[in-house]
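Novice: give me coordinates for this.
(chains A and B)
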Amino acid sequence: LAKTTQPISMDSYEGQEVNITCSHNNIATNDYITWYQQFPSQGPRFIIQGYKTKVTNEVASLFIPADRKSSTLSLPRVSLSDTAVYYCLVPSGAGSYQLTFGKGTKLSVIP
Amino acid sequence: GAVVSQHPSWVICKSGTSVKIECRSLDFQATTMFWYRQFPKQSLMLMATSNEGSKATYEQGVEKDKFLINHASLTLSTLTVTSAHPEDSSFYICSAREGRFVDHTAQHFGDGTRLSIL
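Specialist: Take a look at the predicted model:
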C-alpha cells in the first residue's frame, strides 16, 4: 500500500501558484520525501527532494513542517506544460530504497 | 547528469515471442535498479528490484520465470518478457539509484517501453 495520500486532481489557471499537499503520517525518522512529475507515455521525472523545513530549486519549492507528517509541493506561475501527474513518495520500508507509487495528483492547467 | 536510457521505446510483437528491454545508467553507476509496470490511467507498480551481481527480488504476484531480470553490470539491467501474451501489453519503466547517496532514495527513471503484444 502507498504510504502517502494526496488529492486525486487539481485544476489551476496559467500563471497561478499551485500547492499540492501530501500526507505521510507514518514517515520514518530517516526518510526523505521525494516528488516526481510524469507526462503521458514518459517515465517519472525527479522534481525535488527534502527532509525538513524548506527546499527550493529552479522549478519548485518543497515545504515540510516540523512534524514531517505532510509536505507541500509549490509550483510558481504554472504554465500549460505543467499539466501532468505529480507523485509524492517516501521509502517503502525502514532502510528500503524502494518507492511505492500512490495514485498521484493529476494537475490540469487551464489557459 | 543522472540520465537513464531505456531501449526500445516501443515494441510490437506476436504472441509467444520474447522481448528484451534494456535499461542503462549513462553517467553514473547504479547499484540498484528497479522495474515497474504501468497500465493506462494507473500508477506505477513495482515489479522487481535488482542489485548488480545478484538475483532480482520480485514483488508478490510477479512471475520471475515470466519476467527475467539480469543486472550484470553497474550500468545495465535487462528485463526479458518471455513468451509474451496480450495481457503482458503495458508500459514498462526502469529506474536506477545512485549508490553513493546513501541518504537519498531518489531514483532516476527511464522514458519507458511501450510493449504491445498482438
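
Novice: for chain A, what lies in contact range of chain B?
Specialist: Taking C-beta under 8 Å from any C-beta of the partner chain as the contact definition, chain A meets chain B at A:30-32, A:34, A:36, A:41-46, A:49, A:87, A:91, A:96-104. (C-beta placed from N, C-alpha, C; glycine too.)

Novice: what distance do you get for the nearest residue to residue B:83 once chain neighbours are set aside to chain A?
Specialist: Counting by C-beta to C-beta, 6 or more residues apart in numbering or on different chains, the nearest residue to residue B:83 once its immediate chain neighbours are dropped is residue B:16, at 5.7 Å. Distance, residue B:16 to chain A, by C-beta to the nearest C-beta, to the nearest Å: 26 Å.

Novice: and residue B:65, by the same measure?
Specialist: Distance, residue B:65 to chain A, by C-beta to the nearest C-beta: 22 Å.

Novice: tell me the secondary structure for whichever residue of chain A sits closest to chain B?
Specialist: Nearest residue of chain A to chain B, counting by C-beta to the nearest C-beta: residue A:43, 3.5 Å away. With DSSP: H, G, I helix; E, B strand; the rest coil as the basis, the three-state label of residue A:43 is coil.

Novice: restricted to strands, list the residues of chain A next to chain B.
Specialist: Within the residues of chain A next to chain B, membership in strands is found for A:34, A:36, A:45, A:46, A:49, A:87, as judged by DSSP state E.

Novice: contact partners for the residue of chain B found nearest chain A?
Specialist: Of all residues in chain B, residue B:109 sits closest to chain A, with a separation of 3.5 Å (C-beta to the nearest C-beta). Remark: with contacts taken as C-beta atoms under 8 Å, 6 or more residues apart in numbering or on different chains, residue B:109 is in contact with A:36, A:43, A:44, A:45, A:46, B:4, B:93, B:94, B:95.

Novice: ok so, going back, out of the ones in strands among the residues of chain A next to chain B, which are buried?
Specialist: Buried members of those, scored by 16 or more other C-beta atoms under 10 Å in any protein chain shown, are A:34, A:36, A:49, A:87.

Novice: may I ask you to confirm that the second one is in contact with residue A:73?
Specialist: No: using C-beta atoms under 8 Å, residue A:36 is not in contact with residue A:73, being 10.1 Å away.

Novice: spell out which residues are contacts of both of these two.
Specialist: Contact with both residue A:36 and residue A:73 is made by residues A:47, A:86, according to C-beta under 8 Å, 6+ apart.

Novice: burial count for residue B:13?
Specialist: Residue B:13 has 14 neighbouring residues, counting by other C-beta atoms under 10 Å in any protein chain shown.

Novice: measure the closest residue in space to residue B:107 that isn't next to it in sequence to residue A:76 for me?
Specialist: Computed as C-beta to C-beta, 6+ apart, the closest residue to residue B:107 that is not its neighbour in sequence is residue B:95, at 4.0 Å. Note on residue B:95: its distance to residue A:76, by C-beta to C-beta, to the nearest Å, is 27 Å.
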